[in-house]
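In: Here is the input, now give the coordinates:
(one chain, ligands or ions: 1)
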Amino acid sequence: MKSQPRSSPPSVKRPGRSVSIVGTGSYLPERVLTNEDLSALVDTTDEWITTRTGIKTRRIAAKDEHTSDMAARAALAAMEQANVTAEEIDLILLATASPDMVFPATACFVQTKIGAKNAACLDVSAACAGFLFAVEIAQQFITSHTYNTVMVIGAEKLSSITNWTDRNTCVLFGDGAGVAILQHRSTATHGVISTHIGSNGDYNDILWMPGGGCRTPITAENAHQHLQTIHMSGKDVYKQAVTSMLDASKKALDKAGLTIEDIACVIPHQANVRIIEAIADRLKIPLDRFFINVDRYGNTSAAAVAIALDEANRSGRLKQGDFILMVVFGGGLTWASTVIEW
Ligand code: UT7
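Out: Down below sits the predicted model:
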């Protein structure tokens, strides 16, 4: 297996209008919850969590720190890096499975917090795949000349929808937010090259939060049943995650006119290091081509790839001209992939 991507520039199929990622930002809450901390809560061990998931720590938001607060902190960091003012933002898309409330959209709370008074705001509900669904929507709005500047956010306070008595799920998740600002810049040649999104509602019940909606409102009678928390059939989700992310990777690469050999860095959904290893193995590329931070943050759902993109960017991992593949999977089921030129 080659450890470096192909060096000769391939013939890339670029979209009609350039859509650059002009800035990224992320925010992780201060409190670190370790595997040892969890073994005091439920019947688990550091050894089980590490070998089954690769997770060592995750961050937990403060009681009064909401999804919109984390999103706004990440947004300000991205705006600073992009040199974009709040007034310039035309649209805020916020992907989350743990909104501040059902409505208004958490994006509207972020709008007020960052002063983006000219922006239209909406939330995107595609669970862990939401950030790349939002990137696709942003790209469509920009290439159609509707908007020039779109803020795409993935933000989660999963600790608020976790059943802290269920060892099958509570060891997996964490809180945080990541942001990318997408903008048309007339001089840019780099940016989003291809996107792919997909869903399969037939498997909606292998990863869901069954209570709290109109189907099963939370009542005094069912309040003890933890219906307003994440329920997951881990093994079923695992299998679907591997096959869907492989297929989505291929679709975005084909659309871009690239092969996996051209990709300098893969930023996958951060749910389980074993899933990432399985994908690396099937794609026949070395694991060091993947950006991994699930060991530090656990699964932050819609925020995961957004945080990883920002960390890869700020750490210098992404070099100008590199082709990057982002690929995600989540409840719905949903999956998505994006190829960008950095
Ligand atoms: O973000 C959306 C996408 N999400 C994912 O992609 C997650 C996909 N699923 C997974 O990552 C894995 O399936 C898990 C990490 C959730 C579970 O790993 P697994 O290897 O599939 O374990 P399992 O569910 O088959 O459980 C094996 C055993 C069970 O015991 P028995 O029935 O064999 O006696 C569980 O009860 O491990 C037990 N177990 C635990 N033991 C210690 C489950 N959770 C724990 C725990 N500590 N925290």
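In: Which residues of the stretch 201-342 of the chain lie near the ligand?
Out: Taking C-beta under 6 Å from any ligand atom as the contact definition, the stretch 201-342 of the chain meets the ligand at 207, 234-235, 237-238, 241, 271-272, 275, 299, 301, 329-330. From N, CA and C alone the C-beta is placed, and that goes for glycine too.
In: so where's the stretch 1-150 of the chain shaky on pLDDT?
Out: 1-10 (pLDDT under 70).
In: mind running it again at 80?
Out: Along the stretch 1-150 of the chain, the model assigns pLDDT under 80 to residues 1-11, 14-16.
In: What segments of it are helices?
Out: Taking DSSP state H, counting those that start in this stretch as the test, the helices found in the stretch 1-150 of the chain are 35-39, 46-53, 67-82, 106-114, 130-143.
In: Strands - which of the residues of the stretch 201-342 of the chain next to the ligand land there?
Out: Leu207, Phe329, Gly330 (DSSP state E).
In: I'd guessed the last one sits against Asn204; true?
Out: By that I understand Gly330. No: Gly330 is beyond contact range of Asn204, at 11.5 Å (criterion: C-beta atoms under 8 Å).
In: higher neighbour count, these two?
Out: Gly330 (29 against 13; other C-beta atoms under 10 Å).
In: nearest spatial neighbour of the residue of the stretch 201-342 of the chain found nearest the ligand, skipping sequence neighbours?
Out: In the stretch 201-342 of the chain, the residue that lies nearest the ligand is Gly234 (2.9 Å; C-beta to the nearest ligand atom). Closest residue to Gly234 apart from its sequence neighbours, by C-beta to C-beta, 6 or more residues apart in numbering: Asn168 at 6.3 Å.
In: Could you give the number of residues near the one you found?
Out: 14.
In: That one: what secondary structure?
Out: Three-state call for Asn168 (DSSP: H, G, I helix; E, B strand; the rest coil): helix.
In: any idea how far Ala61 is from Leu33?
Out: 11 Å (C-beta to C-beta, to the nearest Å).
In: tell me, what's touching the two both at once?
Out: The contact sets of Leu33 and Ala61 do not overlap (C-beta atoms under 8 Å, 6 or more residues apart in numbering).
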